[in-house]
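>>> what would the 3D arrangement of this be:
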Amino acid sequence: MPNPGLVLALKVLVMGTWGIAAVGFLFSPETTFGQLGRTLFFLLAAVHALECAVFYPTLKRTGRPLGFELANTLFFGVVHFTEAKALADARDAE
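Below is the predicted model of the structure:
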C-alpha cells in the first residue's frame, strides 16, 4: 500500500493546482493569469479524463462504486490510481 502521508500530501498539491487553475476564471481572459489559469484548468481536465479511460479496468476491480473511483481519478489522477491499484491487487489476491 502506498505511504498514506505521501498520498495525502500529493492530493493536497493536486487540489491546490486545481484551485489555482480555477481562480484563472475569475480574471479577464486577456490577462496573463486568466489565460494561464484557464489553460492549466483545461489541461488538467483533459489529462485526468484520459487517465480515467486508461485506468478504467483497474478502477472497476476495486470493488468500490465506479462513479467514486472515476471522480477521484478525475480530481487526483495518478495519485488516486496508486491507491486504487493497491486495493484492486489486494482484492484479486483474496
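>>> against G19, how distant is V12?
Per C-beta to C-beta, to the nearest Å, V12 is found 10 Å from G19. (Glycine included, C-beta is placed from N, CA and C.)
>>> same question but for K85, I mixed them up
Computed as C-beta to C-beta, the K85 to G19 distance reads 26 Å.
>>> the more surrounded of those two?
Of the pair K85 and G19, K85 is the one with more neighbours under other C-beta atoms under 10 Å, namely 17 against 10.
>>> separation between the residue nearest the centre of the chain and S28?
With distances taken as C-alpha atoms, centre = their mean, F76 lies nearest the centre of the chain, 2.0 Å away. As judged by C-beta to C-beta, F76 and S28 stand 30 Å apart.
>>> show me how far whatever helix or strand D89 lives in is from its chain's centre.
Using DSSP states H and E, D89 falls within helix 78-93. Mean-position distance between helix 78-93 and its chain equals 15 Å (C-alpha atoms, centre = their mean, to the nearest Å).
>>> likewise for stretch 81-94?
Distance, centroid of stretch 81-94 to centroid of chain: 17 Å (C-alpha atoms, centre = their mean).
>>> quick one: residues in contact with that stretch.
Applying C-beta atoms under 8 Å, 6 or more residues apart in numbering, the contact partners of stretch 81-94 are 1-2, 7, 51, 55, 58-59, 61-64, 69, 72-73.
>>> go again with 10 Å.
By C-beta atoms under 10 Å, 6 or more residues apart in numbering, the residues outside stretch 81-94 that reach it are 1-4, 6-7, 10-11, 51-52, 54-55, 57-64, 68-69, 72-73, 76, 78.
>>> just the buried members of those residues?
Buried subset of these (neighbour count, 16 or more other C-beta atoms under 10 Å): 7, 10-11, 51-52, 55, 58-59, 61-62, 69, 72-73, 76.
>>> which one of those is nearest G37?
Closest approach to G37 among the buried ones among the contacts of stretch 81-94 (C-beta to C-beta): F76, at 19.3 Å.
>>> need the strands for the chain, in chain order.
Applying DSSP state E to the chain gives no strands.
>>> show me the helices in it, by range?
Using DSSP state H, the helices of the chain run over 4-23, 32-60, 66-76, 78-93.
>>> which residues does the shortest one contact?
It refers to helix 66-76. By C-beta under 10 Å, 6+ apart, the surrounding residues in contact with helix 66-76 are 7, 10-11, 13-15, 18, 44-45, 48-49, 51-56, 58-65, 79-84, 87-88.
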